[in-house]
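J.: I would like the atomic coordinates for the input below:
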Amino acid sequence: MKKLTTTLLLVMVCASLTAQSRVREKDILGEWDLVIDLDDAREEIEEELEEEESWIARRFARGISNFALDIVERIDIKFDFREDGEVKLSINILGEREVEYLDWSINDDGELIIEDNDHDRNRRSRRNNNSFDFADEDDVWLMKNGRLQAFEKSRRGRLEMKEEVYLKKR
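T.: Numbers count the residues shown, from 1 in each chain. As a prediction, the model looks like this:
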């Protein structure tokens with residue numbers, strides 16, 4: 001029984017070491033690219049389309065889904081983390097460029113939090129009514145394999161990794 005307990009404890013420690021790590025300010029300063037990996041989404045769509053009986057419906061749905069995924073892949077989002085707790089978010093969607101200013105902080109758990117506190121930034125930000133809201137209070141970012149990985153916090157505080165969304169250093 002003692003060997004089993006020791007083995008389980010060792011496995012848990014190893015798993016936590018290979019998991020995400022705390023974010024430090026010096027590691028995040030600078031420019032990052034947002035990556036949205038759509039390979040899994042494409043596979044899921046293909047699997048669902050195979051179940052469709054009508055070949056015309058299957059073909060139409062495949063065309064629409066590929067069109068939508070291609071548009072998402074062409075969206076270019078860049079983050080510029082600055083020392084003063086500000087992050088410049090540059091979004092380029094099919095030639096249309098928008099710049100937003102957000103706030104970032106690192107909480108006591110070492111999680112990066114990005115917040116949209118634009119009440120005093122309206123002068124500097126080119127905002128309009130179609131403004132893109134990127135900051136989500138349930139999302140946090142942690143370092144994993146040299147990149148900032150997105151996680152969603154559940155109601156109980158558990159972190160669920162959003163494998164397809166991460167930031168890659170430029």
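
J.: can you count the residues close to Asp108?
T.: By other CB atoms under 10 Å, 5 other residues sit near Asp108. C-beta coordinates here come from the backbone N, C-alpha and C atoms, glycine included.

J.: next, find the distance separating it from Arg155.
T.: Counting by CB to CB, to the nearest Å, the gap from Asp108 to Arg155 is 19 Å.

J.: for Ile106, same thing?
T.: 22 Å.

J.: neighbour-wise, which of the two wins?
T.: A direct count of neighbours by other CB under 10 Å for Ile106 and Arg155 places Ile106 higher, at 17 against 6.

J.: what comes up buried for stretch 22-37?
T.: Neighbour-count burial for stretch 22-37 flags Val23, Ile28, Trp32, Leu34 (criterion: 16 or more other CB atoms under 10 Å).

J.: I'd like to know which of those residues is nearest to Ala57.
T.: Leu34 (33.2 Å; CB to CB).

J.: direction included, what does the helix or strand hosting that closest one pair against?
T.: Counting by DSSP states H and E, the element that carries Leu34 is strand 30-36. Sheet pairing of strand 30-36 (DSSP bridges) gives strand 76-81 (antiparallel), strand 159-169 (antiparallel).

J.: so which residues of the chain form strands?
T.: Secondary structure of the chain (DSSP state E): strands located at 30-36, 76-81, 86-93, 96-106, 112-115, 139-144, 147-153, 159-169.

J.: just the residues contacting the second one, thanks.
T.: So that's strand 76-81. Under the criterion CB atoms under 8 Å, 6 or more residues apart in numbering, residues 28-34, 87-93, 104, 134, 167, 170 lie in contact with strand 76-81.

J.: so how far is that strand off the chain centroid?
T.: Taking CA atoms, centre = their mean, to the nearest Å, one finds the center of strand 76-81 at 12 Å from the center of the full chain.

J.: list the buried residues for that strand?
T.: Those would be Ile77, Lys78, Phe79, Asp80, Phe81, for strand 76-81 by 16+ other CB under 10 Å.

J.: ok, the third one to Glu31 distance?
T.: Looking back up the chat, that one is Phe79. Phe79 sits 7 Å away from Glu31, taking CB to CB as the criterion.

J.: do the fourth one as well
T.: Between Asp80 and Glu31 the computed distance is 5 Å (CB to CB).

J.: and if you look at the first one?
T.: Distance of Ile77 to Glu31, given as CB to CB: 11 Å.

J.: so the strand holding Leu34 versus strand 86-93, what angle?
T.: Strand 30-36 runs at 40 degrees relative to strand 86-93, counting by axes from the mean of the first three to the mean of the last three CA atoms, to 10 degrees.
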